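Engineer: here are the coordinates; sequence isn't available:
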């Protein structure tokens, strides 16, 4: 199975305001906002025909996402690719010398196993890998 785009994540300071703008522009259905306490983020998804747009906003204590927004402002944060076997994909990437932010899968906001590949290994783009059935 080839990787597929699962979602494109956009970091925003004010998720409620951004949600109205993006949902209006895209004319798509929207999930409920969810807090992810272990990642210190608030998220919601806008469902498109073939992918989702994830809006992410920092909760108090999330210094890395807050720094990202301070440095770059609202905008593209990461691209999530779906893979069949996340552990095997991480092992393959590690063998190729990729810098991994997560060397072992962990459970993400939607309950699927996820891991991040550092932007240093992907031309400056943060890549999330998500195991899909």
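Structural biologist: Good, I have the coordinates. Keep in mind that this is a model prediction, so the values were computed, not measured.
Engineer: and the nearest residue to residue 105 once chain neighbours are set aside, how many residues sit next to it?
Structural biologist: Sequence neighbours aside, residue 113 is the residue nearest to residue 105 in space, at 3.9 Å (criterion: Cβ to Cβ, 6 or more residues apart in numbering). Using the backbone N, CA and C atoms, a C-beta is placed for each residue, glycine as well. Burial of residue 113 is recorded as 18 neighbouring residues (other Cβ atoms under 10 Å).
Engineer: ok, now the one 4 residues further on?
Structural biologist: Residue 117 has 22 neighbouring residues, counting by other Cβ under 10 Å.
Engineer: got it, and residue 73?
Structural biologist: 10.
Engineer: where's it relative to residue 13, distance?
Structural biologist: According to Cβ to Cβ, to the nearest Å, residue 73 stands 8 Å off from residue 13.
Engineer: which residues in the protein form strands?
Structural biologist: Per DSSP state E, the chain carries strands over the ranges 4-11, 29-30, 34-36, 41-47, 52-58, 75-83, 106-107, 113-117, 126-131.
Engineer: Residue 105 - how many residues pack around it?
Structural biologist: Counted with other Cβ under 10 Å, residue 105 comes out at 18.
Engineer: what do you get for residue 13?
Structural biologist: Neighbour tally, residue 13, other Cβ under 10 Å: 14.
Engineer: Please apply the same query to residue 46.
Structural biologist: 23.
Engineer: And the residue in the chain sticking out farthest from the centre, how close does it get to residue 130?
Structural biologist: Taking Cα atoms, centre = their mean, the residue of the chain most remote from its mean C-alpha position is residue 95, at 23.6 Å. Look at residue 95 and residue 130: by Cβ to Cβ, they are 21 Å apart.
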